[in-house]
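Peer 1: predicted model follows, preceded by the sequence.
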Amino acid sequence: MTALPARFSPLRRLLVAGLVTLAAGVAQAQSAAPVRILVGFPPGGGTDAIARALAEKLKDQLGVPVVVDNRAGAGGQIAAQALKASAPDGHTLFLSHDHSISILPLVTKSPGFDPAVDFVPVAGFASFANALALSSGTPAKSVPEYVRYVQQQGGRDSIGIPAPSSIPEFLVGMLASKYKLDLQAAPYRGSAPMMGDMLGNQIKAGVASIPDFIENHKAGKLRIVAVIGDKRQPILPDVPTFKELGIAGLEELPYYGLFAPAGTPHEVLDRLNQALAKVIAMPDVREHLTAMGLTVAYQPQALFANRVKGYTQTWERIIKASGFQAK
């Protein structure tokens, strides 16, 4: 401890020393506090599974407990608002894909947050593809077969989506327009409840991310029949892209990353960035995330920030061109 000036009285010196010791103790307690990773969807979905896989490894890198806090609802809007309200001290993060960060502010008049003002990217770690999957309640094994099936059922069907006013909803609209069908998006509070209805044959089709579908696809409980992107996904080499099926505009892949509240100190962001970089470089982590259908690619803060900005601008043009009105 730095020596106190000789002019201080013994009592004053004791009080100052006590305050310094107390402040040091508070700082140490804060640094040892758990890190909370907010997830905007219920347990059991793809985003939740990804967060839990990373949290398990991040605790070793950060030296503190890392817990997943599911704040499900409104397509991640509740979790995003919780991040905005959190202290910028590195102890609350938001693991999110594109919907909450890039899409919600474009389709919601008052989302309660502005990512460009209220958040700061920590780092990106993966991209992924959305997909159309069919339940075992339909005999179709491809998009053309599904189209014929719907036509035979009167030309109408409901397709599940994890959240309203999302890319999956726009994709349903593109399918309806392409094949001249009356297809209605049926929004859920996350992919997990949607998956439950698909597995129970309550709905015949759903649009969500490959990580949401992949395990049930591998188990033969549902069938992924098309994916977004400009090329087929390595984990699904036999599944065509929507571009191959004649539906353009879905070539850019969504992202996954970590976000912190605006105002988080640079040294804290650097520490989080370095920890995530080490975790993503671990072979078992990369293998696990790849098996879930992610394309793993770590992006440091500046690069990821540009990725988010460019992706948001792309979808702003698409949404405006569709005539969609923010609600």
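Peer 2: Looks like it arrived, so ask away.
Peer 1: from Tyr149, how far off is the nearest residue to Ala129 once chain neighbours are set aside?
Peer 2: With sequence-adjacent residues excluded and distances taken as Cβ to Cβ, 6 or more residues apart in numbering, Ala129 is closest to Val227, at 4.4 Å. C-beta coordinates here come from the backbone N, C-alpha and C atoms, glycine included. Distance of Val227 to Tyr149, computed by Cβ to Cβ, to the nearest Å: 20 Å.
Peer 1: same check on Leu171?
Peer 2: 18 Å.
Peer 1: which of those two has more neighbours?
Peer 2: Neighbour totals were compared for Leu171 and Tyr149, and Leu171 leads with 23 against 16 (other Cβ atoms under 10 Å).
Peer 1: that one and Ala131 touch, don't they?
Peer 2: No. With contact defined as Cβ atoms under 8 Å, Leu171 and Ala131 do not form a contacting pair (9.4 Å).
Peer 1: common neighbours of these two, please.
Peer 2: Common contacts of Leu171 and Ala131 (Cβ atoms under 8 Å, 6 or more residues apart in numbering): Val207, Ile228.
Peer 1: pop the domain breakdown of this protein in here.
Peer 2: Following automatic domain parsing, one gets these domains for the chain: 32-128+254-322, 130-227.
Peer 1: redo those domains as TSV? Include distance to Gln233.
Peer 2: Shown next, in TSV, are the domains of the chain (distance: least, Cβ to Cβ, whole Å):
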stretch	distance to Gln233
domain 32-128+254-322	7
domain 130-227	5
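Peer 1: what number of residues lie near Leu104?
Peer 2: So Leu104, with other Cβ under 10 Å, has 24 neighbours.
Peer 1: same check on Asn201?
Peer 2: 12.
Peer 1: on the three-state scheme, the residue lying closest to it once chain neighbours are set aside is what?
Peer 2: Nearest residue to Asn201, sequence neighbours excluded (Cβ to Cβ, 6+ apart): Gly137, at 3.5 Å. At Gly137 the chain is in coil, as set by DSSP: H, G, I helix; E, B strand; the rest coil.
Peer 1: now Glu252
Peer 2: Look at Glu252: counting by three-state DSSP, its state is coil.
Peer 1: then Glu267?
Peer 2: From three-state DSSP, the assignment for Glu267 is helix.
Peer 1: from Asp230, how far out is it?
Peer 2: Glu267 is 39 Å from Asp230, by Cβ to Cβ.
Peer 1: same question, Gln274
Peer 2: In terms of Cβ to Cβ, Gln274 sits 32 Å off from Asp230.
Peer 1: cool, and Leu269?
Peer 2: For Leu269, the distance to Asp230 equals 32 Å [Cβ to Cβ].
Peer 1: quick one: which of those two has more around it?
Peer 2: Shown here are Leu269 and Asp230; by other Cβ under 10 Å, Leu269 has more neighbours (19 against 10).
Peer 1: look at that one and report its pLDDT.
Peer 2: As predicted, Leu269 sits at a pLDDT of 97.
Peer 1: what about it, distance to Gly200?
Peer 2: 44 Å.
Peer 1: all strands for the chain, in order.
Peer 2: 35-39, 66-70, 92-97, 119-127, 130-135, 156-161, 182-187, 205-209, 222-227, 255-261, 295-299 (DSSP state E).
Peer 1: among these, which is nearest Lys141?
Peer 2: strand 222-227 (6.0 Å; Cβ to Cβ).
Peer 1: helices or strands up against the closest one?
Peer 2: strand 130-135, helix 143-152, helix 210-218 (3 or more Cβ pairs under 8 Å, 6 or more residues apart in numbering; DSSP states H and E).
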